[in-house]
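A.B. asks: Quick one, what's the 3D model for this:
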Amino acid sequence: MSGWLFERTLGSAAMAERFGDRALVAAMLSFEAALAQAEADEGVIPAAAAAAIVAACADEPDIDVLVAEARIAGSLAIPLVRHLTRRVAAADEAAAGFVHWGGTSQDVIDTAMVLATRHALELLDADRQRLLAALVRLARRHLDTPMLARTLMQPAQVVSVGLRLVAWIAPLVRAGERLARARTAALQLQFGGAVGTLATLGERGPAVAQRLADRLGLAVAPGAWHTQRDAWVSLACEVAVLCGSLGKVGHDVALLAQAEVGEMAEPAGLGRGGSSAMPNKRNPVAAMTAIAAATRAPHQVAALLASMPQEHERSLGRWQAELAEWPALFLATHGALVALADAAEGLEVDAARMRANIEAQRGAVFAEAAAAVMARSVGKSRAHERVAAWSAEAARSAGADLRALARAAVRDDVTLAAVDAADLDAVFDIDAAARRAGAIARVQLDALHVSSSSSGDLP
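C.D. replies: Numbers count the residues shown, from 1 in each chain. As a prediction, the model looks like this:
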């Protein structure tokens with residue numbers, strides 16, 4: 001991945017390393033070493049042959065040569081096994097005949113991808129927890145801080161910062177739960193031999209598979225899943241759903257950070273979010289990274305889904321497409337997680353600007369509540385009609401607001417005499433509305449059982 005310049009700016013170096021050339025080749029060699037040891041333990045191959053194979057697996061081949069040969073052979077495993085066989089033969093010619101005994105190219109490549117993905121999921125979970133911890137701390141600090149809710153991109157009602165943050169937190173918690181289940185189903189040894197029957201190993205096949213899985217720290221699948229990609233691609237789908245939830249956070253942060261809104265801001269720092277032309281710019285770069293990842297994830301997972309109808313016992317083209325597409329989804333998702341976790345730890349909340357934006361609506365955000373109070377006395381239709389008229393007047397008149405117009409009408413209009421003026425006046429209390437939203441947020445946070453600790457104790 002070292003040549004994917006723009007991919008690297010959106011991804012993370014740690015994830016790129018997990019799926020890097022050297023890491024994947026090392027994982028393939030780990031499979032070959034563990035296979036030889038498992039077969040020696042079961043008496044399938046001589047112990048001396050296994051020792052020679054394990055020693056040769058410590059030698060890193062020339063990856064550029066492997067890639068060039070794989071383009072001709074059709075599989076990276078073929079030149080890798082040839083390289084390994086030559087290395088073993090140089091030390092023990094007899095042992096060379098036992099290299100890759102009973103396995104097939106897909107066994108070594110799929111298992112290597114499983115091993116790399118296991119490390120990738122650990123990275124995702126660590127930074128998901130770090131992001132959660134930062135958001136929970138912020139949510140508890142601002143449970144009752146008033147902010148403007150917006151629906152269809154327009155001002156709606158008053159909520160609290162805590163409630164908005166819960167809308168970011170809850171999907172991230174659920175993503176962790178779903179990923180844990182998908183991980184258990186997907187991270188399984190691939191070992192079936194040429195057509196999934198382990199024919200070369202005969203009756204010892206299951207025992208070798210168990211020993212091989214134990215050495216690699218993997219579960220044993222009920223059978224080879226060479227062309228059964230449901231559990232594997234389901235895991236990718238859950239990663240993409242997590243990425244979509246990160247995109248939601250990024251979109252919200254970006255919208256709230258607009259200068260004309262000014263309610264949140266990513267942390268400032270030398271060179272962070274700058275512009276090559278405009279010195280005044282403070283661009284939300286973490287939000288940008290998350291939005292970019294969420295934009296790409298549907299297409300990445302679509303390619304993986306499209307690769308699922310694999311032919312017979314080994315696919316021609318679709319499996320290979322899956323292998324090429326798989327790392328990109330993890331790279332983008334982890335890039336978004338790292339960016340948002342870093343930003344969330346210093347995310348700025350401008351409570352004064354939030355209140356000013358609410359007040360700028362001239363009471364219109366309380367129109368529904370005002371109409372509900374009036375409806376108890378004058379009926380729903382009449383209440384709706386009157387509040388709509390006052391709202392329109394407040395919008396037209398710079399000095400008017402809905403609260404003042406409602407007060408005056410209830411005081412002066414005999415047809416509204418039955419309306420309780422005190423109850424009507426109470427619905428315009430910004431802080432009371434925020435406290436109601438904060439109470440809902442508090443209950444939801446407690447039910448999610450998330451902590452503001454960054455020690456890794458989150459779900």
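A.B. asks: So for the longest helix belonging to the chain, mean pLDDT?
C.D. replies: Longest helix in the chain by number of residues (criterion: DSSP state H): helix 105-141. For helix 105-141, mean pLDDT is 98.
A.B. asks: helices or strands up against that helix?
C.D. replies: When contacts are defined as 3 or more C-beta pairs under 8 Å, 6 or more residues apart in numbering; DSSP states H and E, helix 105-141 sits against helix 13-18, helix 21-41, helix 77-91, helix 161-186, strand 188-189, helix 230-257, helix 318-344, helix 430-448. No exception for glycine: its C-beta is placed from N, CA and C like everyone else's.
A.B. asks: Of all the residues in that helix, which ones are buried?
C.D. replies: Residues of helix 105-141 classed as buried by neighbour count (16 or more other C-beta atoms under 10 Å): 105-121, 123-139.
A.B. asks: Do I have it right that residue 114 meets residue 189?
C.D. replies: Yes - applying C-beta atoms under 8 Å, one finds residue 114 in contact with residue 189, separated by 7.3 Å.
A.B. asks: what residues do those two have in common as contacts?
C.D. replies: Shared contacts of residue 114 and residue 189, defined by C-beta atoms under 8 Å, 6 or more residues apart in numbering, comprise residue 218.
A.B. asks: my read: residue 88 touches residue 57, true?
C.D. replies: No - contact criterion C-beta under 8 Å: residue 88 and residue 57 do not qualify, at 9.0 Å.
A.B. asks: Of these two, which one has the most company?
C.D. replies: Between residue 88 and residue 57, counted using other C-beta atoms under 10 Å, residue 88 has the larger neighbour count: 26 against 22.
A.B. asks: Contact partners for that one?
C.D. replies: 52, 53, 56, 95, 96, 99.
A.B. asks: which stretches of the stretch 301-450 of the chain have low pLDDT?
C.D. replies: Nowhere does the stretch 301-450 of the chain drop to pLDDT under 70.
A.B. asks: Provide the secondary structure category for residue 400.
C.D. replies: Three-state assignment for residue 400 (DSSP: H, G, I helix; E, B strand; the rest coil): coil.
A.B. asks: element containing the closest residue to it other than its chain neighbours, please.
C.D. replies: Spatial nearest neighbour of residue 400, excluding adjacent residues (C-beta to C-beta, 6 or more residues apart in numbering): residue 394 at 4.9 Å. According to DSSP states H and E, residue 394 maps onto helix 380-396.
A.B. asks: buried residues in that helix?
C.D. replies: For helix 380-396, a neighbour-count test (16+ other C-beta under 10 Å) marks 383, 384, 386, 387, 390, 391, 394 as buried.
A.B. asks: Whichever helix or strand comes after that helix vs helix 380-396, what angle?
C.D. replies: Next in sequence after helix 380-396, counting helices and strands by DSSP H and E, comes helix 402-412. Using axes from the mean of the first three to the mean of the last three C-alpha atoms, to 10 degrees, the inter-axis angle of helix 402-412 relative to helix 380-396 is 130 degrees.
A.B. asks: could I have helix 402-412 exported to PDB, CA atoms only?
C.D. replies: The C-alpha coordinates for helix 402-412 follow below in PDB (Å, rounded to 0.1, in the frame of the first residue of the first chain):
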ATOM      1  CA  LEU A 402     -43.400  34.300  19.400                       C
ATOM      2  CA  ARG A 403     -43.400  34.400  23.100                       C
ATOM      3  CA  ALA A 404     -44.200  38.100  23.300                       C
ATOM      4  CA  LEU A 405     -46.900  37.800  20.600                       C
ATOM      5  CA  ALA A 406     -48.500  34.900  22.400                       C
ATOM      6  CA  ARG A 407     -48.500  36.700  25.700                       C
ATOM      7  CA  ALA A 408     -50.100  39.800  24.200                       C
ATOM      8  CA  ALA A 409     -52.800  37.700  22.400                       C
ATOM      9  CA  VAL A 410     -53.700  35.800  25.500                       C
ATOM     10  CA  ARG A 411     -53.900  39.000  27.500                       C
ATOM     11  CA  ASP A 412     -55.900  41.000  25.000                       C
END
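A.B. asks: What is the neighbour count of residue 208?
C.D. replies: Residue 208: 24 neighbours (other C-beta under 10 Å).
A.B. asks: so what's it up against?
C.D. replies: By C-beta under 8 Å, 6+ apart, the contact list for residue 208 reads 35, 38, 39, 42, 44, 102, 191, 198, 201.
A.B. asks: nearest to residue 407, of the residues you listed?
C.D. replies: residue 191 (77.3 Å; C-beta to C-beta).
A.B. asks: Is that closest one in a helix, a strand, or coil?
C.D. replies: Classification of residue 191 using three-state DSSP returns coil.
A.B. asks: Now do it against residue 207, distance only.
C.D. replies: The gap separating residue 191 from residue 207 is 12 Å, by C-beta to C-beta, to the nearest Å.
A.B. asks: higher neighbour count, the two?
C.D. replies: Using other C-beta under 10 Å, the more surrounded residue of residue 191 and residue 207 is residue 191, with 34 against 16.
A.B. asks: Show the contacting residues for the more buried one.
C.D. replies: Contact partners of residue 191, counting by C-beta under 8 Å, 6+ apart, are 103, 107, 111, 198, 208, 209, 212, 213, 221, 224.
A.B. asks: If any of the residues you listed are buried, put those into a ChimeraX selection.
C.D. replies: Buried residues among the contacts of residue 191 (16+ other C-beta under 10 Å), as a ChimeraX selection:
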select :103,107,111,198,208,209,212,213,221,224
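A.B. asks: For residue 334, state which of the contacts of residue 191 is nearest.
C.D. replies: residue 111 (21.8 Å).
A.B. asks: Isn't the closest one up against residue 219?
C.D. replies: No - counting by C-beta under 8 Å, residue 111 sits too far from residue 219 to count as a contact (11.7 Å).
A.B. asks: residues shared between the contacts of those two?
C.D. replies: Common neighbours of residue 111 and residue 219 (C-beta under 8 Å, 6+ apart) are residue 189.
A.B. asks: From residue 378, how far out is the residue of the chain most remote from its centre?
C.D. replies: Using C-alpha atoms, centre = their mean, the residue of the chain lying farthest from its centre is residue 414. It sits 58.5 Å away. Look at residue 414 and residue 378: by C-beta to C-beta, they are 12 Å apart.
A.B. asks: again with residue 30
C.D. replies: In terms of C-beta to C-beta, residue 30 sits 77 Å off from residue 378.
A.B. asks: and if you look at residue 359?
C.D. replies: Distance of residue 359 to residue 378, given as C-beta to C-beta: 28 Å.
A.B. asks: Give me the more crowded residue out of the two.
C.D. replies: Between residue 359 and residue 378, counted using other C-beta under 10 Å, residue 378 has the larger neighbour count: 17 against 14.
A.B. asks: can you pull the contacts of that one?
C.D. replies: By C-beta under 8 Å, 6+ apart, the residues touching residue 378 are 386, 415, 416, 418, 419.
A.B. asks: do residue 53 as well
C.D. replies: By C-beta under 8 Å, 6+ apart, the residues touching residue 53 are 32, 33, 36, 84, 88, 95, 98, 99.
A.B. asks: Show me which of those is closest to residue 291.
C.D. replies: Residue 291 lies nearest to residue 32 out of the contacts of residue 53, by C-beta to C-beta, at 41.6 Å.
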